[in-house]
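[1] any chance you could fold what I've pasted below:
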Amino acid sequence: MAAPDIPYTIPKLVKGKRITTVPKGSTWAKEEAKQNWYVEFFFHNAETDKMERFRPTKNLNRLKDPKEKLKQFSRLCDAYKIALEGGWSPIDEKANDRLKRQVSSLTLEAAKDLFEEYHIAKGTRKKSRQSYLSKINQFVAYYGPDKRVSEISDYEITEFLNFMEKKREWTGVTYNSSRIILNNYFRYLKINKYIAENPVTDIETRTKIPTESHQVFSDKDFKTIMKWLNEHDQYCLFFVKMIYYTCIRPKELRYLQLKHINLAQRVITVPASISKNKKSLPVSIDESLSRELKALKLSSHEETDYLLGSTETIISGKRIGENTPYNRFQKCLKATKLDKKNYTLYSFKHFSNVKKFKAGWTLAEICAANRHGSLVETETYLKDLLKFVKNDKTIPKI
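    Prediction:
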């Protein structure tokens, strides 16, 4: 047969087997989402002179929520449409030794969509994806969405970073973070053979000015803050006490339910589903915190209630808003005129670690208390802990 003018068919979404019945308690959409979906298209194989069928899924059938599954599969379908229109050939995935992808027309916008889809399939956290896309969107906006990935060299990367550094007053930290994200973006394109070289590889980094965020409280400021919270905001007071006594992260605390707390064994188990490092690890309940928790009469509530779900009643059946604890603490800092010292909710965690260190805790014990995966991770705190190390010991004689 003669090679077609357009060597592919338009990708379409196929939702698996046709649904004929819907069980009681379910919905048509839910039953449909249980099927194995795929994007289907045909591509002309020049060697066999036949149209070859492709049915990619990119592991998206793991999604069971109907709306999310439809959204991601639709994006995948659109990504293949854009790639095929740009000259991409799926045959190369099977025969890279004979054929090369025709990707010179892949745009920055299309490449960004593929990069995002890759991270969704990989299971990258939503917050991390948003951080990546924030910087990539700035890069795409600078050169325009229709700019070809093959047209980007180290010159374009340097020009963009220099512009943002000068005009947007990026710090060294922001500059380096953006460089890393762009490097990962173009590295993905190189690995998947959309480009021959990564244009970011040899771009210089900037000297990082030490960050001043999450500063450790001075003893005086800590007392001032706790006094104000005790008088004006009992919810925020209990929230920061939880951080201080447990070193559980603010986001994890928002998701913490009463079923995760065992007062008899004096242990809080942060489940893997809400833990930052995706590991389910126990946290000891200190005697002081135990008294605070007993005062809340946890047994009189449902085990599915959230420990810090309400600013009025503390415990609630609903989860507290993402920014509520942060905003209430910011109100405290402004009221006490401490809002210029770079204190954050994480400062309570750092302050707790400093107190532990000064009380004689070893680095390994601090590591365990913070549920860190290794001592290397705990060393992040050393820059603050070292401020409290006295250097007044006698130097041994030679």
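[2] hey, let's count contacts and neighbours off CA atoms from now on
    Noted.
[3] not counting sequence-adjacent ones, nearest residue to residue 200?
    residue 183 (5.2 Å; CA to CA, 6 or more residues apart in numbering).
[4] gap between that neighbour and residue 190?
    10 Å (CA to CA, to the nearest Å).
[5] grab the longest strand from the protein for me.
    Identified as the longest strand of the chain according to DSSP state E is strand 38-45.
[6] quick one: that strand to chain centroid distance?
    Put simply, strand 38-45 sits 33 Å off its chain's centre (CA atoms, centre = their mean, to the nearest Å).
[7] for residue 344, give its distance to residue 29.
    Residue 344 is 43 Å from residue 29, by CA to CA.
[8] on that earlier part again, which outside residues touch the next helix or strand after the longest strand of the chain?
    The helix or strand immediately downstream of strand 38-45 is strand 50-54, counting by DSSP states H and E. If you take CA atoms under 8 Å, 6 or more residues apart in numbering as the criterion, strand 50-54 is touched by 1, 8, 39-45.
[9] before we move on, what about stretch 295-302?
    258, 317.
[10] pull it out as PDB, backbone CA atoms only.
    In PDB, the C-alpha atoms belonging to stretch 295-302 read as follows (Å, rounded to 0.1, in the frame of the first residue of the first chain):
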ATOM      1  CA  ALA A 295      -8.000  17.200  78.900                       C
ATOM      2  CA  LEU A 296      -9.600  17.000  75.400                       C
ATOM      3  CA  LYS A 297     -11.400  13.800  76.300                       C
ATOM      4  CA  LEU A 298     -10.600  12.100  73.100                       C
ATOM      5  CA  SER A 299     -12.700   9.000  73.900                       C
ATOM      6  CA  SER A 300     -15.900  11.100  73.800                       C
ATOM      7  CA  HIS A 301     -15.300  11.800  70.100                       C
ATOM      8  CA  GLU A 302     -15.400   9.600  66.900                       C
END
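[11] pLDDT of that stretch, averaged?
    The average of the pLDDT scores along stretch 295-302 is 93.
[12] so residue 344 and residue 29 - more neighbours on which side?
    residue 344 (19 against 14; other CA atoms under 10 Å).
[13] hang on, the earlier thing: wait, what's in contact with the residue nearest to residue 200?
    198-201.
[14] now do the SS call for it.
    For residue 183, the assignment made with DSSP: H, G, I helix; E, B strand; the rest coil gives helix.
[15] now the longest strand of the chain: buried residues?
    The neighbour-count check on strand 38-45 (16 or more other CA atoms under 10 Å) flags 38-45 as buried.
[16] let's have the residues you listed in CSV, adding pLDDT and distance to residue 352.
    Output for the buried residues of strand 38-45, formatted as CSV (pLDDT from 0 to 100; distance: CA to CA, whole Å):
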residue, pLDDT, distance to residue 352
38, 95, 51
39, 95, 52
40, 95, 55
41, 95, 58
42, 94, 60
43, 91, 61
44, 88, 64
45, 86, 64
